[in-house]
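Peer 1: Structural data only, the sequence is not supplied:
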């Protein structure tokens, strides 16, 4: 998403990545994700930070990739913020309801995952622009 925002000059969109579970907190990105990003000209760096309840008020949208992350995000943020939690895959142009983006950590398939994320982020960007949302 940061790549799209940079390409489009959309400095009105702020993008962060946070974990919904603590077991990855402080870890660098998976080397396979870094490699796939590099292949596409996208830099993936940093260390994992943990989503916490304090983010509920300050962030407009929380995008998750699968049902586990959705459940974890709601558990952290509280049900009163469920209107802010979206499945990223649901923004894909041909999305059927709420499409999960499978975590390639265990099964591989980083290329396919990146493709689905890219399509979903393009759809999300169109949604944000067309709805005139200020994020």
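Peer 2: Good, I have the coordinates. Quick caveat, the model's predicted, so the values are computed rather than measured.
Peer 1: Helices along the chain, start to end?
Peer 2: 2-8, 31-39, 55-58, 67-77, 104-107, 110-130 (DSSP state H).
Peer 1: and the angle for the longest one with helix 31-39?
Peer 2: Calculated by axes from the mean of the first three to the mean of the last three CA atoms, to 10 degrees, helix 110-130 forms an angle of 60 degrees with helix 31-39.
Peer 1: chain center to helix 110-130: distance?
Peer 2: Distance of helix 110-130 from the chain centroid (CA atoms, centre = their mean, to the nearest Å) equals 9 Å.
Peer 1: Show me what counts as buried in that helix.
Peer 2: The neighbour-count check on helix 110-130 (16 or more other CB atoms under 10 Å) flags 110, 113-114, 116-121, 123-125, 128 as buried. The way it works is simple: take the backbone N, C-alpha and C, and place the C-beta from them, glycine included.
Peer 1: With the first one instead?
Peer 2: Burial within helix 2-8, assessed by neighbour count using 16+ other CB under 10 Å, is assigned to 2, 4, 5.
Peer 1: how near is the spatially closest residue to the last one that is not a sequence neighbour to residue 129?
Peer 2: Right, the one you point to is residue 5. Using CB to CB, 6 or more residues apart in numbering and skipping residues adjacent in sequence, the residue nearest residue 5 is residue 13, 4.8 Å away. When CB to CB, to the nearest Å is applied, the distance between residue 13 and residue 129 equals 9 Å.
Peer 1: Considering the buried residues of helix 110-130, which is situated nearest to residue 102?
Peer 2: residue 113 (6.7 Å; CB to CB).
Peer 1: wouldn't the closest one be in contact with residue 102 here?
Peer 2: Yes - taking CB atoms under 8 Å as the contact criterion, residue 113 and residue 102 are neighbours in contact, 6.7 Å apart.
Peer 1: hmm, back to that, can I get the buried residues of helix 110-130 in TSV including distance to residue 73 and pLDDT?
Peer 2: Output for these, formatted as TSV (distance: CB to CB, whole Å; pLDDT from 0 to 100):
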residue	distance to residue 73	pLDDT
110	23	93
113	19	93
114	22	93
116	19	92
117	17	93
118	22	93
119	22	93
120	16	94
121	18	93
123	20	94
124	16	93
125	21	93
128	19	91
